[in-house]
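A.B. asks: With the sequence up front, the predicted model follows.
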Amino acid sequence: MDRFTIAGILNDVQNFYRIDDTMAGFLQTVFIISFMTVAPICGFLGDRFNRKRIMLIGLSIWVGAVFASSFITENHFWAFLLFRCIVGIGEASYAVIAPTLIADLFVGKLRSRVLMFFYFAIPVGSGLGYVVGSYATLMARRWGASSDCLDCWQWGIRVTPVLGLFCIVNLMLFVQEPVRGQAEQNASQNVAEDLTAAASVPTTYETVTISPNLASEQQSEQIRKENYHRLRHYVRSYGSDVGYLITNRTFLWSTLGYTAVVFVTGTLAWWGPTAIEHAKAMEEHLNDTSKLDLGEKNQISIIFGAITCLAGIFGVSAGSLLAHQWKTGKFCFVYKPTERADALISAVGSFAAAPLMFIAFTLITKSQNLSWFVVFLTILCLCLNWAVNVDMLMSITVPQRRSIACAMQILLSHLFGDATGPYLVGAISDFVRGNSKLPADRFRSLIVAFYLPNALLLLSGVAFIGAAYALPMDLARVKRQMAELKEDGRGTTPSTSATNGASSSNCEPQGRQNDAFE
């Protein structure tokens, strides 16, 4: 939600700080750069330490940065950029870790459903961001000293920190840290005993204390050696994690496809309402969007936000439902069930969204109502993959590597996705438009710039087809690794497992059960 409160009032932000389309797109870029940079760190920590505490720290940073950014004056745009960058640090924590908590609490069909509800937050939050940002700005103008106050938009980003505080309190009071692999343990009692023993490894270190009666130099030296070996184990196991993911072809293909989708959704969400405002100003023969009626501007953000919410809910739900029915061979898929369903549904969504988005922008100046409907269909198709892609990711990685898998996918998808998308489209728009500031030229240049996201949707569909081809092999690989984990757990004691894990350079999860440090 917080990401797109700015998008709903982007023209106001541009007028306040006097920035062009390139710098307006860069606002989203700096946020995503920090988001993707911190994501691997959170993934590393999330596989080894208490995930609830990491999320609390991240949420606190996010709330403080968002609230502070709403007080930056018009001559300090660099400071506003800095705080938007810090916001990304906070958001990275729960974006990486929350899916792994869900994966440790649920399994199978129930996990798919819970992930579906969790990923409602992306389209619903985005849509509410437009609505809240524009509506709060409108109310500030109506209650303020004048209807044209330039800084009224700042009230639009002061709402989400309040909601963030509510989330922090609920996380502290009602969320408990689950054991890694807990869902798989409950699903298979035989494996459960071994995984539980593996998850208890950290107690070897955490319970080593120096009693006043037993303290000695030898004991202190032993503790220092154990901590040193533990640190070496962390570093080496991280390299093993990355090597494991590089050999996972489904991860590589799905990350490529997901990256293209993130590029498109991030760009559409950022520039969509602005393009429509330019089109509206062009129809009314205005020289600037600032001269649009406040009610009209607010209506555009509310409609776009409502469409995003509804299309997101239907898209995420339809993607999860269709993938499950296809995997289990129900209804229209009764004659052709396949475990490749997650990847195939994602491919269908990408291929369908490409022509729809092109048609939507073409129709804006011809029939705005019809254009809104096609925008709805476009976002619905883009949202088909949100939950099923993560469900697929959880199924092709062992529990002790899920946080880093999420983190690396977030890093890559945002680095080449919505970190670059809004900026590139803004830069292309500026290049095509030249020095003209007229809404008509701004609108036409944005339409040309959106040819790039359209092309990337086709690439996304091809990549998800590649993921569908590799998926059965990687699913079988995980089953084999879980069996090896069970066997290794029986022959390894807590006192020696850290050393074994530290000395292992194999990308397979041998000794990896020892990495679930709390």
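C.D. replies: Nice, I can see it.
A.B. asks: Return the alpha-carbon coordinates of the helix or strand hosting Ala354 using CSV.
C.D. replies: For Ala354, the host element (DSSP states H and E) is helix 341-363. In CSV, the C-alpha atoms belonging to helix 341-363 read as follows (Å, rounded to 0.1, in the frame of the first residue of the first chain):
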residue,chain,number,x,y,z
ALA,A,341,0.2,-26.3,-13.4
ASP,A,342,1.8,-23.5,-11.4
ALA,A,343,4.2,-22.6,-14.1
LEU,A,344,1.7,-23.0,-16.9
ILE,A,345,-0.9,-20.8,-15.3
SER,A,346,1.8,-18.1,-14.9
ALA,A,347,2.6,-18.4,-18.6
VAL,A,348,-1.0,-18.1,-19.6
GLY,A,349,-1.3,-14.9,-17.5
SER,A,350,1.7,-13.3,-19.1
PHE,A,351,0.8,-14.2,-22.7
ALA,A,352,-2.8,-12.9,-22.2
ALA,A,353,-1.7,-9.6,-20.5
ALA,A,354,0.5,-8.5,-23.4
PRO,A,355,-2.2,-7.7,-26.0
LEU,A,356,-4.6,-6.5,-23.3
MET,A,357,-2.3,-3.8,-22.0
PHE,A,358,-1.6,-2.6,-25.5
ILE,A,359,-5.4,-2.4,-26.2
ALA,A,360,-6.0,-0.6,-22.9
PHE,A,361,-3.7,2.3,-23.6
THR,A,362,-5.0,2.5,-27.2
LEU,A,363,-8.5,2.9,-26.0
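A.B. asks: Could you list every helix and strand in contact with it?
C.D. replies: helix 249-283, helix 294-328, helix 368-382, helix 385-395, helix 451-490 (3 or more Cβ pairs under 8 Å, 6 or more residues apart in numbering; DSSP states H and E). Placement of C-beta: from N, CA and C, glycine included.
A.B. asks: at 10 Å instead, please
C.D. replies: Judged by 3 or more Cβ pairs under 10 Å, 6 or more residues apart in numbering; DSSP states H and E, helix 341-363 is in contact with helix 249-283, helix 294-328, helix 368-382, helix 385-395, helix 439-449, helix 451-490.
A.B. asks: hey, which of these is tucked in deepest?
C.D. replies: Of all those, helix 385-395 carries the top mean neighbour count, a mean of 27, counting by mean count of other Cβ atoms under 10 Å.
A.B. asks: report the angle between the axes of it and helix 341-363?
C.D. replies: For helix 385-395 against helix 341-363, the angle by axes from the mean of the first three to the mean of the last three Cα atoms, to 10 degrees is 160 degrees.
A.B. asks: what distance separates helix 385-395 from the centre of its chain?
C.D. replies: 12 Å (Cα atoms, centre = their mean, to the nearest Å).
A.B. asks: measure the most centrally placed residue in the chain to Leu411 for me?
C.D. replies: Central residue of the chain (Cα atoms, centre = their mean): Ala95, 5.4 Å from the mean position. Using Cβ to Cβ, to the nearest Å, Ala95 is found at 11 Å from Leu411.
A.B. asks: still on that earlier bit, helix or strand next in line after whichever strand or helix holds the residue nearest to the centre of the chain, which one?
C.D. replies: Element membership for Ala95, per DSSP H and E: helix 77-105. For helix 77-105, the succeeding helix or strand toward the C-terminus, using DSSP H and E, is helix 108-118.
A.B. asks: Helix or strand next in line after that following helix, which one?
C.D. replies: helix 121-143.
A.B. asks: got the angle for that next one vs helix 77-105?
C.D. replies: 140 degrees.
A.B. asks: now the protein, which segments are flagged as low pLDDT?
C.D. replies: Within the chain, the segments meeting pLDDT under 70 span 144-151, 180-238, 485-518.
A.B. asks: In JSON lines, list the helices and strands packed on helix 341-363 along with distance to Ile57.
C.D. replies: JSON lines is the format used below for those (distance: least, Cβ to Cβ, whole Å):
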{"stretch": "helix 249-283", "distance to Ile57": "25"}
{"stretch": "helix 294-328", "distance to Ile57": "28"}
{"stretch": "helix 368-382", "distance to Ile57": "32"}
{"stretch": "helix 385-395", "distance to Ile57": "23"}
{"stretch": "helix 439-449", "distance to Ile57": "38"}
{"stretch": "helix 451-490", "distance to Ile57": "30"}
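A.B. asks: Buried residues, the helix holding Ala354. List them.
C.D. replies: 341-354, 356-358, 360-361, 363 (16 or more other Cβ atoms under 10 Å).
A.B. asks: distance of Lys336 from Val348?
C.D. replies: 14 Å.
A.B. asks: for Ser240, same thing?
C.D. replies: 35 Å.
A.B. asks: do Thr250 as well
C.D. replies: In terms of Cβ to Cβ, Thr250 sits 17 Å off from Val348.
A.B. asks: Kindly report the same for Ile302.
C.D. replies: Ile302 is 30 Å from Val348, by Cβ to Cβ.
A.B. asks: Ok, Leu415 next?
C.D. replies: 26 Å.
A.B. asks: Ok, Thr137 next?
C.D. replies: To Val348, Thr137 is 38 Å away according to Cβ to Cβ.
A.B. asks: Same check on Leu294?
C.D. replies: From Leu294 to Val348 the distance is 40 Å (Cβ to Cβ).
A.B. asks: Mutual contacts of Ala95 and Leu411, please.
C.D. replies: Listed as contacting both Ala95 and Leu411 by Cβ atoms under 10 Å, 6 or more residues apart in numbering are 35-36, 38-39.
A.B. asks: Among these, which one has the most neighbours?
C.D. replies: Ala39 (31 neighbours; other Cβ atoms under 10 Å).
A.B. asks: in the host helix or strand of that residue, what's buried?
C.D. replies: Per DSSP H and E, Ala39 falls inside helix 21-46. By 16+ other Cβ under 10 Å, the buried positions in helix 21-46 come out as 21-46.
A.B. asks: Thank you kindly, that will do.
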